[in-house]
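> Build the 3D model from these lines:
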Amino acid sequence: MKAVIFDVDGTLADTEEAHRAAFNATFRQFGLPWEWDAALYRELLAVTGGKERMRHFCERCFPDFLEDPQAGSTIATLHREKTRHYAGLVAAGGVAARPGVVRLIRELRAAGIRLAIATTTSRSNVDALLASSLKTLPPDTFAVIGAAEQAAAKKPASDIYLWVLERLGLPPQDCLAIEDSRNGVRAATSAGIPTLVTECAWTAGEDFSGALAVLSDLGEPERPYTLVSGPPNGIGYVDVVVLRRWHWKSIHQHAVPPAPTFE
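Sure, this is the predicted structure:
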């Protein structure tokens, strides 16, 4: 295991409620009769990408909106304003890093394991999070940051992971991905990367087929995670040793044993 690749929203930090609030603030700002409650937003999370999510919502609930020749431009404007609202919420301390994230990242760095980000949120959203919720980490923590601008096809397509792998200069079997959603697992595993899931409130109960394990979070020594599925590790939190063990088992579980030799 030479690199660990993190998703952002729901994986590095509990961002989705801030995203939902930012969308609704934008809709009010523009006088739109749209309101995304928690139940609706959970359904909309099946669509990755903010602009794509708004377009899907309109197709479902306000198809007349899309008949306007300027609909695409309007959605882009709404998304820019939503990003501004989100950055303000993050800067104000409204988003917390998930349990175990900062600790594990520091341990991985100390072990010489490279770190990367593969997300389909915008780069500005990533930067806002790194400057606030993860501000205790050094600026050079992540060797590669892949965001929405680098992937035309959003998750569950594997484009962003393939882009990150190319910049890392590593084959997929040398990496491990940490995700929180079904779309994220599909994107990472389609790229050939073993994947660990730390589900969040918005993705709990999704189909995480193909994941190494599904956990409530990465855990802390004083606050163990809840194991949803997969092998127990005996300590209740994820550290470098645990990740290496799960990664090794994933890579070698289908290996063909060497043929016997006879003299």
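> residue boundaries of the helices in the stretch 151-263 of the chain?
Taking DSSP state H, counting those that start in this stretch as the test, the helices found in the stretch 151-263 of the chain are 159-168, 182-190, 240-252.
> pretty sure residue 206 is touching residue 180, no?
No. Using CB atoms under 8 Å, residue 206 makes no contact with residue 180, being 9.1 Å away. To be clear about C-beta, it is placed using only N, CA and C from the backbone, and glycine gets the same treatment.
> Now the common contact residues for these two.
The overlap between the contact sets of residue 206 and residue 180 (CB atoms under 8 Å, 6 or more residues apart in numbering) consists of residue 199.
> got a list of what the nearest residue to residue 2 once chain neighbours are set aside touches?
Residue nearest to residue 2 in three dimensions, not counting chain neighbours: residue 174, with 4.4 Å by CB to CB, 6 or more residues apart in numbering. If you count contacts by CB under 8 Å, 6+ apart, residue 174 has them with 1, 2, 3.
> What separation is there between residue 174 and residue 251?
According to CB to CB, to the nearest Å, residue 174 stands 9 Å off from residue 251.
> Show the residue spans covered by the strands in the stretch 101-250 of the chain.
Along the stretch 101-250 of the chain, counting by DSSP state E, counting those that start in this stretch, strands occupy 114-118, 144-146, 175-179, 195-198, 214-215, 227-229.
> out of these, nearest to residue 60?
strand 175-179 (25.6 Å; CB to CB).
> How far does that closest one sit from its chain's centre?
10 Å (CA atoms, centre = their mean, to the nearest Å).
> Can you give me the buried ones in that strand?
Within strand 175-179, the residues scored as buried using 16 or more other CB atoms under 10 Å are 175, 176, 177, 178, 179.
> quick check, nearest of those residues to residue 39?
Residue 39 has its nearest neighbour among those in residue 179, at 22.8 Å by CB to CB.
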